[in-house]
Each structure stands twice: as C-alpha cells, then as structure tokens.
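Chemist: sequence-free structure coming up:
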C-alpha cells in the first residue's frame, strides 16, 4: 500500500517542512492533497514519471519531487497557520489514454503550524 | 458555487437502515466518479468507481451516476455500525475534486 511519514509533525510559522510518501508498487503517478478539518481533500499537484503533471490552486511555496523508486516528497516553505491540515498522498497506475485512474491514498501526515 | 456540492449531514441512522448519500456537480467535463470512505484520522479508502452514467453494485453498496442531472448517489443497504465514517464523493476529468464529506453514524 501507500505509506507516508511522519505521522504527525509540529512546526512554527515561517519554517519549512518536507513530507514523504512511498507509492504502491507499480504505480507511476502520485498526487498530493491538503485536507483541512471537516473538509474534503484539495488537490495540490500531481507527478507522473518525475514531472509535474497538473497543479491545483496552491502557491509556489508548495513544491514537490518524485523519484524513480516510487517515492515522493511534498515541500512547504514559509509555513503559515492555515497550512495546518492532513496532507495525503495518493498513487495510481497510469494507463495510456485514461484521463484519470483510481487513486489509492496513504494514511496522511497531520501537520500543525503554531 | 462550489464545483462539487455534498450534503453535509451529519447523518444518523439505526442499524439495518438504507442510507442514501448524494453529490451534485457543475463541471460537465467530469467523467470518472468515485466514493471514498474515511475513518477518523485515516486516509480515504476507495469504495466505488464508475465511469459515465449508470449504476454499479458491489455487495451492500450501489453507486448511481446521472450525468444529465449532474447528480451522483451512493446507497448503503443493511447499514452496520462499522459503516460509521465520513463518505466523500469525488470526480475527475484530469485531476480529482472532492466533496466536503458526509459524516454517517450507524447506531446499534
């Protein structure tokens, strides 16, 4: 399955954070989401074969990387209080000609910004 | 208007009841429709995945998509206390859009 680390994280405003994800074996697409309390996940960006393949309405201080070994990172610079949320990664197999595959989510990293 | 609207609930039903969960959407480009279940402090778990209009059944769960009305539903038959969770509708053309989720409690 999809794994994420760390489980919980506490940072202070202005700091930088890196969250990690390990995709399900055989999946070459990873997406990252932010889920505020009581809300549905919001799409941050998607990576396919190590290239950004779509981005939601998030500022450039949210950035990502995907590595050849099916792992990926979400980096957030200059943390703000509103960045406190559950950060989810989801992996999916990418089939040619299919606009969107089913996505399989990890358990998330809960980030608290003080 | 949000791109995906989901009845917020919360919804509380007795064990054995039929549950109906619904979402509406505004983007006619959406082609893929999904329902996820999310337990407290966990990641969403895929329940149902449908493409275009029609019905799909999987055990106690039935998903319906009506693209002409831009309306999707999830029905849960013979609901169980273990079904208590937040249910998220999701749909996509390229990237995925989620509803806010409906919190369901099934009481024994």
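Modeler: Thanks, I have the structure now. Since the structure is predicted, the reported quantities are computational estimates derived from the model, not experimental observations. Numbers count the residues shown, from 1 in each chain, chains lettered A, B, ... in the order given.
Chemist: so what's the residue in chain B positioned nearest to chain A up against?
Modeler: Residue nearest to chain A within chain B: residue B:98 (3.3 Å; CB to the nearest CB). From N, CA and C alone the C-beta is placed, and that goes for glycine too. Residue B:98 is in contact with A:33, A:40, A:41, A:42, B:4, B:36, B:88, B:89, B:90, counting by CB atoms under 8 Å, 6 or more residues apart in numbering or on different chains.
Chemist: Could you measure from the fifth one over to residue A:7?
Modeler: If I follow you right, that is residue B:4. Separation of residue B:4 from residue A:7 (CB to CB, to the nearest Å) stands at 28 Å.
Chemist: Of those two, which one has the most company?
Modeler: residue B:4 (22 against 10; other CB atoms under 10 Å in any protein chain shown).
Chemist: Residues contacting stretch B:67-84, please?
Modeler: Counting by CB under 8 Å, 6+ apart, B:13, B:15-26, B:28, B:33, B:35, B:37, B:47-48, B:52-53, B:60-66, B:87, B:89, B:91, B:104-108 sit against stretch B:67-84.
Chemist: now the residues you listed: which count as buried?
Modeler: Applying 16 or more other CB atoms under 10 Å in any protein chain shown to the contacts of stretch B:67-84, the neighbour count classes B:13, B:17, B:19, B:21-25, B:33, B:35, B:37, B:47-48, B:61-65, B:87, B:89, B:91, B:104, B:106 as buried.
Chemist: For chain A, just list every one of the strands.
Modeler: Per DSSP state E, chain A carries strands over the ranges A:3-5, A:8-11, A:17-22, A:29-35, A:42-48, A:51-55, A:62-66, A:71-76, A:85-92, A:104-105, A:109-113.
Chemist: Just tell me which of these ends up closest to chain B.
Modeler: Of all those, strand A:104-105 sits nearest to chain B, with 3.8 Å by CB to the nearest CB.
Chemist: Can you confirm whether the closest one lies near chain B?
Modeler: Yes - interface with chain B: strand A:104-105 contributes A:104, A:105 (CB under 8 Å from any CB of the partner chain).
Chemist: Generate a markdown table for the strands of chain A, with mean pLDDT as supplementary columns.
Modeler: Compiled in a markdown table, the strands of chain A are given as follows (pLDDT from 0 to 100):
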| stretch | mean pLDDT |
| --- | --- |
| strand A:3-5 | 96 |
| strand A:8-11 | 97 |
| strand A:17-22 | 97 |
| strand A:29-35 | 94 |
| strand A:42-48 | 92 |
| strand A:51-55 | 88 |
| strand A:62-66 | 96 |
| strand A:71-76 | 96 |
| strand A:85-92 | 94 |
| strand A:104-105 | 90 |
| strand A:109-113 | 97 |
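Chemist: what would these look like in JSON lines with mean neighbour count?
Modeler: Supplementary listing: those in JSON lines, determined by neighbours: other CB atoms under 10 Å in any protein chain shown:
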{"stretch": "strand A:3-5", "mean neighbour count": "15"}
{"stretch": "strand A:8-11", "mean neighbour count": "13"}
{"stretch": "strand A:17-22", "mean neighbour count": "19"}
{"stretch": "strand A:29-35", "mean neighbour count": "25"}
{"stretch": "strand A:42-48", "mean neighbour count": "21"}
{"stretch": "strand A:51-55", "mean neighbour count": "13"}
{"stretch": "strand A:62-66", "mean neighbour count": "18"}
{"stretch": "strand A:71-76", "mean neighbour count": "19"}
{"stretch": "strand A:85-92", "mean neighbour count": "25"}
{"stretch": "strand A:104-105", "mean neighbour count": "21"}
{"stretch": "strand A:109-113", "mean neighbour count": "18"}
